[in-house]
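Novice: any chance you could fold what I've pasted below:
(2 chains)
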Amino acid sequence: MAAGPPTAVLALRGIRVDGRGRPRLEDVDLSLAPGERVALLGASGAGKSSLIAVANGLLAPAAGTVLWEGQAPARSRRGRRRQQARIGTLWQDLRLIEELTVQQNLNAARLARWGWPRALLNLLLPLDTDDCAAALRAMDLDPALLEQPVTALSGGQRQRVAMARLLRQEPTLLLADEPLASLDPRLAAELLALLLAQAVAPRALLLSLHRPDLLDGFDRAVGLKDGRVLFDGPAARVNAALLADLYGGTPPGVSA
Amino acid sequence: MKPASPLLMLLPALVLVPLAVLLPPLVHGGGWELIGSFVLAAVTPSLDPVVLASLLKGLGVTAGMALLGWAGSLVLGLVLGAASSRTVWRTLTGSGVPAELIRCLLALPRAIHELIWGLLLLQLVGLQPAVAVLAIALPFGALVARVLSDLLDALPTANLEALRAAGAPAPAALLTALGPALLPGVLSYGGYRLECALRSATLLGVFGLGGLGTDLKLTLQSLEFHELWSGLWLLLAVMLALEAVISLLRRRWLVPGRFVLARRGVGERSREMLLTLAALLPLCVLVGRGLGVDPAALLHWQPLPGLGGGSWVATFALPWPRLVGGTLLLTGLAASLAVGLAPLLLLVVAPVGWARQGLRLLWALGRLWPPPLTALLLLFVLEPGVITAALALGFHNLGVLGRLLLESADSTDPAAEEALACGGSGPRLALLYGRFSGLARPYLAYGAYRADVILRESVVVGLVGATGLGSQLLESLSSFAWDQLLALVAVYALLTLVGEDLSDRARRRWLAAA
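Specialist: As a prediction, this is how the structure comes out:
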C-alpha cells in the first residue's frame, strides 16, 4: 500500500449549485478524512441541505468535482450504485417504509448488495435476524421490535430504527441533514452521541446542524453563509464572534 | 409467513406460470404473416380521404352515442340515486326501508352488461341509434345511482338536521345540506363514466349497433389493416383528448381522483362546474338531432316469439356447471393478468425512462381496443377458447389498471424511493420497496373492483367460443331461444351480484388493513 495521507472519504472542490436568482452553493471546497466528524453550521437557506445533497449524489453540481473515496462519480450504472451503497444518509423525515416491519426496513438497506431473490424473500420471511438484532442493540433498542410494523413505533424509536438501518447499510460516508431539528433536547443529545460513536475510521460523518450548542464531540466545524464556506476549522475554535458573523445576529441556542 | 404489501401486488402475476405452460399448445401455424402485416400497418395507416371521411363519420356517431348514453345515465343515476338513498327517504318520510327496496331492484340493470342490453333492445325494437344510447344509459345509470347513494349516505347529516330543525322543508334542506358536498364526488365519478361510455359505444359498434366499432370490425374481417389503423389512431386521439380534458378539469376543480390515496381539498369553483354541466344540455340536444335519435321509436316493440313450453327442457339441459365454471375461469385469468401485469411491467421498464412512455401508449391502445376485436386478432394465431378470450379481456383491463397505477405512482411521495436509490438500490427494487409498498393496498382494492367489472364484461368475448355463459348467451340470442336467454341472463346477473358482494368485502378488507 502506498504511503502518504489516507484517501479522503469525501472530497468536494469548487462546487457550484445554481438556484433561483443566486447560486445555492458557490466555490465550496470540503474534504472529510476517515474517522473525521464534521458539523455543518449555517442559518436556514445557507446551503446546508444542498451541500448534503451534493455529498450523497442526489444533486449533481453545476460546476466542481465530487470524489468519493478518491473516485469520481462512476459512469456505469452498476459502478455508480456500488458507490452509492457506501454513502449512508439519515434523512430528516427518516423515510422509513411505513407498510413494512422493522426488520424488513433494516434489510432494505441491504438491497444495493442483494439480488432479486433475497429482496423478494425479505418481503416474505424474516432474513438476517441476528444482524438486524445487533443493529437494534447498537441503538439501545429491544430486538423484540424486529417483527413490529414501523407504524407501531414511538417517535424516538423511529429515529433509532432509521439509524440502525443506516448502520446495516455499512456506509463509509455518513451524512445527516438536520437530524436533530424536531427532537426534544434530551433525545437530540442521545441520538447525537449514538451517531458520533458510529463515526470511527474508516467511516466519516458530516452532519448539518443549526444548533451550535451541540458541537461537543465533533472534530471540525464548517460554517456556510449564503452558499459559501465562511470558516472551516477545529470545532473547539468556534466562538461567539464567528457565530454572530455566521448567523448575522444572535445565533440560536447560545442565549442560555 | 405473511407476504408484505409490495409482494402482494406481484402475486397475481403468478398466473403467467400456468399460462406459459398452457399457451404454446394453443398456437396454430396459421396467421403469423397476418399478425405481422397488422403490426406493420400501424405505421402506415390509410390516408385515403374517402376512408378517412367514412371513419370520421363513424367516430362522430360513436362519440355521439357515448355522450347521449352518458348524459342519460347521469340523469337516471341522479334520480335513482336519490331514490335509493336512506338519508333522503328518512328525511322525506321518516323511514329508510323504501331505499333498501329500490337498491335491490337496481341491482338487476347493473348486473347486466351494456352489450346484453344492446342486443336485447336490438331484438325488441330493431336497429336504430336510440338502442345504443339506451343500452349505455340503463346499466350506467344504475351504476351511477349506486355510487351516488353510497356517497349520499356516507355524508354527515348534522347540517341537514340543523336545517330541518330550523323549519326548512325537506327537499330544500336536502339540496342545501347535501348538494354541494356531493358535487365533487359525482363529477369525478361522472368523468370516469364518460370515458367508459366512449369505450362501450365503440364496443357496441363491434356488435353491429353502428358507429366506428362497426367499421373497425369490418376492416378487421376484410383484413384491411391500413384502414383499421386509421380508425384506431383517430379513436386513440379522441380518447386521449377526452381523458386529458377530464383530468384537467379534475385538477382545476380539485375533485378527488378515481384511485383516492389521500383526500385533498374538496371541490372548488362550484359555479363553473354547474355551468359546464348546463352547457352539456344544448349539446346533447344537438347531437341527438344529428344522430337521428328518436326516443318514440323505442316504444314500437316487435312481436316476440312465444315461450314454447317444451324448450324449457332444452334450457335445463344446458351444461350449466361447465358454463358457470368457464365464466369464472375466464374472469379469474383475465383479472389476474390485468392486476398482476401492470406492476410487473412498470418494474421491468423502471430503469429506462422512455419505456414508461411506451407502456403508456400500449395501455392506451389496450383501453381503446375493444376486447372482441383483440380476440378476433388473436384467433389468427391461437385456438379459440377460454385462454384466448382471457388474453383479450386481460389486455383491455390492463390498459385501465395500468393507467391508474402509473397515475397514482406519479402522484405519491417519491421520498422513500429516492432514499433507497440514494443508498445504491437498483431502480427496480427502489420502486418495489419505496413506492409499491404504499400503493399495494389501494391498488389491490381497486383490482378487486375491477375483477367484478371483468366478470360482467366476460360476455363481450363470448364470440371466441367455448368461454362459458357469454358464448352460450350470444348463441342463444342469435337462435332466438328466448327462454334460454332469460335463464342465462338471470344466472349471469346472479353471478355478478355475488361477485359484487365478494369484491366489496375484499375491497373493504384491503382498505381497512391499510
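Novice: list the contacts for the residue nearest to residue B:181 when sequence neighbours are not counted?
Specialist: The shortest distance from residue B:181 to any residue other than its chain neighbours is 5.5 Å, reached at residue B:155 (C-beta to C-beta, 6 or more residues apart in numbering or on different chains). Glycine gets a C-beta too; all of them are placed from N, C-alpha and C. The neighbours of residue B:155, taking C-beta atoms under 8 Å, 6 or more residues apart in numbering or on different chains as the test, are B:87, B:178, B:181-182.
Novice: show me which of these is closest to chain A.
Specialist: Of all those, chain A sits closest to residue B:181, with 30.0 Å by C-beta to the nearest C-beta.
Novice: just list whatever residues bridge to the spatially most central residue of chain A.
Specialist: By C-alpha atoms, centre = their mean, the mean C-alpha position of chain A lies nearest to residue A:175, the distance being 1.5 Å. Beta-bridge partners recorded for residue A:175 (DSSP bridges): residue A:89, residue A:206.
Novice: and the residue of chain B nearest chain A?
Specialist: Closest approach between chain B and chain A, counting by C-beta to the nearest C-beta: residue B:424, at 3.1 Å.
Novice: just confirm residue A:64 is within a helix.
Specialist: No - under DSSP: H, G, I helix; E, B strand; the rest coil, residue A:64 sits outside any helix and is assigned strand.
Novice: what's the burial count for the nearest residue to residue B:383 once chain neighbours are set aside?
Specialist: Ranked by C-beta to C-beta, 6+ apart and with sequence neighbours excluded, the top spatial neighbour of residue B:383 is residue B:26, at 4.6 Å. Look at residue B:26: counted by other C-beta atoms under 10 Å in any protein chain shown, it has 16 neighbours.
Novice: can you pull the contacts of residue B:26?
Specialist: Going by C-beta under 8 Å, 6+ apart, residue B:26 touches B:382-383, B:385, B:387-388.
Novice: at 10 Å instead, please
Specialist: Neighbouring residues of residue B:26 by C-beta atoms under 10 Å, 6 or more residues apart in numbering or on different chains: B:19, B:378, B:381-385, B:387-388, B:391.
Novice: hmm, residue A:30 and residue A:12 touching each other?
Specialist: Yes - the pair residue A:12 / residue A:30 is scored as a contact, 4.5 Å apart, by C-beta atoms under 10 Å.
Novice: identify the contacts common to those two.
Specialist: A:51, A:54-55, A:229.
Novice: now, which of those lie within helices?
Specialist: Among the shared contacts of residue A:12 and residue A:30, the residues falling in helices (DSSP state H) are A:51, A:54-55.
Novice: among these, who's most crowded?
Specialist: residue A:51 leads these on contacts (other C-beta under 10 Å) with 29 neighbours.
Novice: how close does that one sit to residue A:12?
Specialist: Residue A:51 sits 8 Å away from residue A:12, going by C-beta to C-beta, to the nearest Å.
Novice: between those two, what contacts are shared?
Specialist: Counting by C-beta under 10 Å, 6+ apart, the residues touching both residue A:51 and residue A:12 are A:25, A:28, A:30, A:61, A:229.
Novice: now those residues in a markdown table, with neighbour count and pLDDT?
Specialist: Below are these laid out as a markdown table (neighbours: other C-beta atoms under 10 Å in any protein chain shown; pLDDT from 0 to 100):
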| residue | neighbour count | pLDDT |
| --- | --- | --- |
| A:25 | 28 | 92 |
| A:28 | 24 | 93 |
| A:30 | 21 | 94 |
| A:61 | 21 | 92 |
| A:229 | 21 | 92 |
